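Colleague: Give me a 3D structure for the following:
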Amino acid sequence: MKISKILVSQPEPSDPKSPYFEIAQSNNIEITFRPFIHVEGVDSKEFRKQKIDILSHTAVVFTSKIAIDHYFRLAEELRLNIPDTMKYFCISEEVAVYLQKYIVYRKRKIFFSNVGKKVQDMIEVMKKHKEETYLLPLSGVHKPEVPDAIEKAKLTYTKAILYNTVSSDLSDVNINDYQVLVFFSPQGIASLKHNFPEFVQGETAIGCLGPTTAQAVKDAGLRLDFNAPSPECPSIPVAIDKFVKKANK
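Modeller: Numbers count the residues shown, from 1 in each chain. As a prediction, this is how the structure comes out:
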């Protein structure tokens with residue numbers, strides 16, 4: 001099978017120096033970017049059904065920029081005045097700095113680990129503030145790692161579903177035009193099955209990022225042709241390049 005067209009299920013990189021563009025040029029192939037999933041916020045009516053009082057919490061735990069966006073969006077929809085005393089615990093400094101979009105950073109109590117970006121690093125910081133009542137904004141479909149770690153640390157917290165990851169409308173895409181499909185999450189695989197229920201893989205190659213996505217490919221009855229990270233392929237662009245060169249040699 002000769003590869004000429006690849007569909008990558010995420011937004012097109014804004015950086016003109018992205019390795020994807022270099023791969024396309026060096027291998028004389030076309031790489032199309034199309035998100036298979038997108039995020040939709042839970043509206044105030046749906047949120048009220050969770051019976052959560054945001055202002056009864058003294059701290060918020062943020063594991064992503066998306067969580068920050070939807071926390072403040074919902075607070076505005078509910079016309080809540082978030083007190084200056086609210087504390088924010090973040091998975092990384094990058095996420096913490098993003099709070100500047102909504103609050104005066106230097107005037108708030110914001111915490112993150114200086115050790116690393118792992119969940120347990122954040123938990124160690126939170127354990128120094130056991131008296132807090134934490135709110136944990138999440139997607140409707142989320143990994144249990146953070147809630148499990150908070151429970152194991154015996155901290156008081158509430159899970160709040162503020163947004164959902166849903167399948168995008170791909171009705172204008174001819175999936176059979178592509179020799180390679182690349183995925184980054186189990187939800188992307190679910191979107192493939194949702195948008196193209198009659199899809200038969202045949203010779204179409206599938207590549208993915210991470211073990212959970214790899215498992216989702218197999219669970220969907222599809223063949224996984226390459227994945228990353230691995231010792232030989234530390235990233236998806238490297239994996240794509242190696243696969244294309246081998247197929248087109």
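Colleague: Give me the nearest residue to Ala239, chain neighbours excluded.
Modeller: Excluding the flanking residues, the one nearest Ala239 by Cβ to Cβ, 6 or more residues apart in numbering is Cys233, at 3.8 Å. C-beta: built from backbone N, CA, C; applies to glycine.
Colleague: In space, not sequence, find me the middle residue of the protein.
Modeller: Ser185 (7.7 Å; Cα atoms, centre = their mean).
Colleague: Hmm, Thr213 and that one touching each other?
Modeller: Yes: the pair Ser185 / Thr213 is scored as a contact, 5.7 Å apart, by Cβ atoms under 8 Å.
Colleague: picking that back up, and the residue nearest to Ala239, how many neighbours does it have?
Modeller: Using other Cβ atoms under 10 Å, Cys233 has 18 other residues around it.
Colleague: next one: the one 5 residues further on
Modeller: Per other Cβ under 10 Å, the neighbour tally for Val238 reads 16.
Colleague: That one: helix or strand, and which one exactly?
Modeller: In the assignment (DSSP states H and E), Val238 maps to helix 236-248.
Colleague: what's that helix packed up against?
Modeller: Packing partners of helix 236-248 (3 or more Cβ pairs under 8 Å, 6 or more residues apart in numbering; DSSP states H and E): helix 19-27, strand 180-183, strand 205-209, strand 226-228.
Colleague: buried set for whichever helix or strand comes after the second one?
Modeller: The reference is to strand 180-183. Per DSSP H and E, the first helix or strand lying C-terminal to strand 180-183 is helix 186-195. Within helix 186-195, the residues scored as buried using 16 or more other Cβ atoms under 10 Å are 186-192, 194-195.
Colleague: And for stretch 90-105?
Modeller: In terms of neighbour count (16+ other Cβ under 10 Å), stretch 90-105 has its buried residues at 90-92, 95-96, 98-99, 102-103.
Colleague: Phi first, then psi, for the closest residue to Pro186 other than its chain neighbours.
Modeller: Among residues not flanking Pro186 along the chain, Ala216 sits closest, at 3.7 Å (Cβ to Cβ, 6+ apart). Ala216 adopts backbone torsions of phi -60, psi -40, taken as degrees, to the nearest 10.
Colleague: for Ala216, what are its contacts?
Modeller: 183, 185-186, 189-190, 208 (Cβ atoms under 8 Å, 6 or more residues apart in numbering).
Colleague: Show me where the chain has its strands.
Modeller: For the chain, the strands defined by DSSP state E occupy 5-8, 30-33, 37-41, 59-62, 87-90, 109-112, 133-139, 156-167, 180-183, 205-209, 226-228.
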